[in-house]
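S.K.: Give me a model of this one.
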Amino acid sequence: MSTPEGEDDDGLAEALIARCRGLGLTLGTAESLTGGLLIERLVRVPGASAVVRGAVVAYAAQVKHDILGVPQQVLDQDGTVSAACAAAMADGVARVLGCDLAIATTGVAGPDPSEGQPPGTVHLAARMPGGAGEEVGRGRALHLYGSRTQVRGQATQHALTLALQTLPEAPPSTATRGGGVP
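M.R.: Okay, here's the model as predicted:
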């Protein structure tokens, strides 16, 4: 059942924690648009500490660059409200936190436009190591409607769904895993 703010119950967060636990994977988040809402939803789940490594809330472009390593070229050419920025944020948080599954959110919650993008513009990314040393990554561009609170809540729901869709069906071999706990 959805709340008026666009934040669903904790079913998706519970499913993500359970799947990561079952697969022996750790996870972390890099958040801009959601400002910590995504990690809050995850740590609300009992037993989350078995898989959650942490979060970086990188609201300012300089923090995205300095902490997460988002290339200056991405910030200059694509901006912080872009698929390229979301992907770089996910890569950066995987490195910083040493997690297997990295989830990133960036965009414009409103009420005003940012970087020429209207409120409700959202970019999400999820990445993790795949087989044979390759990366598995997914991105999603969305245009959401509603209040600032609703956009942030909906973006969180979509990020949880994207993360679940990025996970493999079977546990990865330890030779292909990222920096998570074996």
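
S.K.: and residue 59, what is it in contact with?
M.R.: 32, 35 (CB atoms under 8 Å, 6 or more residues apart in numbering). (C-beta placed from N, C-alpha, C; glycine too.)

S.K.: That one and residue 16, how far apart?
M.R.: In this view, residue 59 and residue 16 are 23 Å apart by CB to CB, to the nearest Å.

S.K.: swap in residue 124?
M.R.: Distance from residue 124 to residue 16, by CB to CB: 14 Å.

S.K.: the more surrounded of those two?
M.R.: Each of residue 124 and residue 16 has its neighbours counted (other CB atoms under 10 Å); residue 124 has more, 30 against 27.

S.K.: what's near enough to touch that one?
M.R.: For residue 124, the contacting residues are 86, 103, 104, 105, 139, 140, 141, 142, 155, 158, 159, 162, by CB under 8 Å, 6+ apart.

S.K.: which residue packs closest to it, ignoring adjacent ones?
M.R.: In space, not counting the residues next to it along the chain, residue 124 is nearest to residue 140; the distance is 4.6 Å by CB to CB, 6 or more residues apart in numbering.

S.K.: Which elements pack onto the helix ranked longest in the chain?
M.R.: If you go by DSSP state H, the chain has its longest helix at helix 148-166. Contacting helix 148-166 under the criterion 3 or more CB pairs under 8 Å, 6 or more residues apart in numbering; DSSP states H and E are the following elements: helix 11-23, helix 37-43, strand 101-107, strand 121-129, strand 135-143.
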